[in-house]
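# Have a look; sequence and predicted model below, questions after that.
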Amino acid sequence: MATYIVLLGSPGAGKGTQADILIEQTGLVHISSGDLFREHIKNKTDLGQLADSYMSKGELVPDDLTIAMIKERISKSDCERGAILDGFPRTLVQAEAMKTTLDEMGEKVEVVPYITAPEEILIERLSGRWTCRASGHVFHNLYSPPAKKGVCDIDGSELYQRDDDTVETAKKRLRVYTEKTLPLINYYRKQEKLVEIQGNQPIEKVTKDLLAALSIEA
Ligand code: AP5
């Protein structure tokens, strides 16, 4: 059996930060729907162009396009042992589509850590975030600054600020999250897969709580 973990949480909760750490501890692949869309935008594909028109406004990319992209990614051989999903599913339609896909593969979502943090903290995190151009590694100008300003500690590539990390677009993303993604909390709670993780703690402490939720020793 493969292990599929869904990281839930609002924009800025720390899903990407924690997924990057968890892949070291679990050997699983990190699949971020946002990173996949940004890769398409960078490569100027048709999907990228379309996705950009939604992402720049803080809206969700339509379900059918998102589901097709994730299905294709999960079918790759590096996902044989499973994956940590970050940013997907984000609607009930996506969650149901993922369930059907995994059912067909004889797999299931194992556990759904739900990382929470207050809205003012989320806005501060998003507006201070710096992202690595090559691989999407994330830093924060106050909470996890890179050793050298503007340069990724991990791969040396340039750090940039995402277009959707302005305060105005971040607020819109949080509204969309409340409307479209919050119903997933109950969806996974009913399936007894949800584990709430307090995200308003130092990064290392959040990791410790996540590892405990996943029953993995640090
Ligand atoms: P996406 O890229 O998925 O963005 P998001 O969900 O809005 O999440 P973020 O990446 O903003 O936050 P995060 O929780 O990963 O936080 P991070 O670890 O970076 O999606 C972008 C867009 O793509 C969407 O708006 C939508 O348009 C589209 N899209 C994506 N998926 C889709 C889907 N499934 N369906 C439809 N559309 C989709 O941390 C944030 C900052 O805080 C960093 O600077 C970090 O260093 C810092 N930080 C993290 N943890 C801590 C901590 N514990 N203490 C202090 N600082 C911390």
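That came through fine.

# What residues of whichever helix or strand Asp52 is part of count as buried?
Element membership of Asp52 [criterion: DSSP states H and E] is helix 46-55. Judged by neighbour count using 16 or more other C-beta atoms under 10 Å, the buried positions of helix 46-55 are Leu47, Gly48, Leu50, Ala51, Asp52, Tyr54, Met55. C-beta coordinates here come from the backbone N, C-alpha and C atoms, glycine included.

# close enough to count as contact, the fourth one and His40?
The reference is to Ala51. Yes - with contact defined as C-beta atoms under 8 Å, Ala51 reaches His40; the gap is 6.0 Å.

# in the chain, which helix has the most residues?
helix 92-105 (DSSP state H).

# Tell me how many other residues crowd the residue of the chain found nearest the ligand.
The minimum distance from the chain to the ligand, using C-beta to the nearest ligand atom, falls at Gly34 (1.9 Å). Neighbour count for Gly34, taken as other C-beta atoms under 10 Å: 21.

# and if you look at Glu107?
16.

# burial of the nearest residue to it once chain neighbours are set aside, as a residue count?
Spatial nearest neighbour of Glu107, chain neighbours left out: Ala2 (5.3 Å); criterion: C-beta to C-beta, 6 or more residues apart in numbering. When counting by other C-beta under 10 Å, one arrives at 16 neighbours for Ala2.

# Isn't Ala2 up against Arg81?
Yes - assessed by C-beta under 8 Å, Ala2 is found in contact with Arg81 at 5.5 Å.

# still on that earlier bit, other SSEs contacting the helix or strand following the helix holding Asp52?
Remark: after helix 46-55, the chain's next helix or strand is helix 63-74, criterion DSSP H and E. Under the contact criterion of 3 or more C-beta pairs under 8 Å, 6 or more residues apart in numbering; DSSP states H and E, helix 63-74 touches strand 29-32, helix 33-42, helix 46-55, helix 92-105.

# can we see that at 7 Å?
Applying 3 or more C-beta pairs under 7 Å, 6 or more residues apart in numbering; DSSP states H and E, we find helix 63-74 packed against helix 33-42, helix 46-55, helix 92-105.

# near the ligand, which residues of this protein?
When proximity is defined by C-beta under 6 Å from any ligand atom, the chain lies next to the ligand at 9, 11-17, 32-34, 37, 54-55, 58-61, 66, 87-88, 90, 94, 125-126, 129, 138-140, 143-144, 164, 173, 199, 201-203, 206.

# among these, which ones are buried?
9, 11-17, 32-34, 37, 54-55, 58, 60-61, 66, 87-88, 90, 94, 125-126, 129, 138-140, 144, 164, 173, 199, 206.

# quick check: domain ranges of the protein?
3-118+172-213, 128-165 (automatic domain parsing).

# Of those, flag the one that's most buried.
Per-stretch averages of neighbours, counted by mean count of other C-beta atoms under 10 Å, single out domain 3-118+172-213 among these, with a mean of 17.

# Check what contacts the longest helix of the chain and list those residues.
4, 63, 66-67, 71, 74, 88-89, 108-109, 183-184, 187 (C-beta atoms under 7 Å, 6 or more residues apart in numbering).

# hmm, back to that, tabulate the helices and strands packed on helix 63-74 in CSV, adding columns for mean pLDDT and distance to Ser157.
CSV is the format used below for the helices and strands packed on helix 63-74 (pLDDT from 0 to 100; distance: least, C-beta to C-beta, whole Å):
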stretch, mean pLDDT, distance to Ser157
helix 33-42, 96, 12
helix 46-55, 97, 19
helix 92-105, 97, 30
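
# Noted, bye for now.
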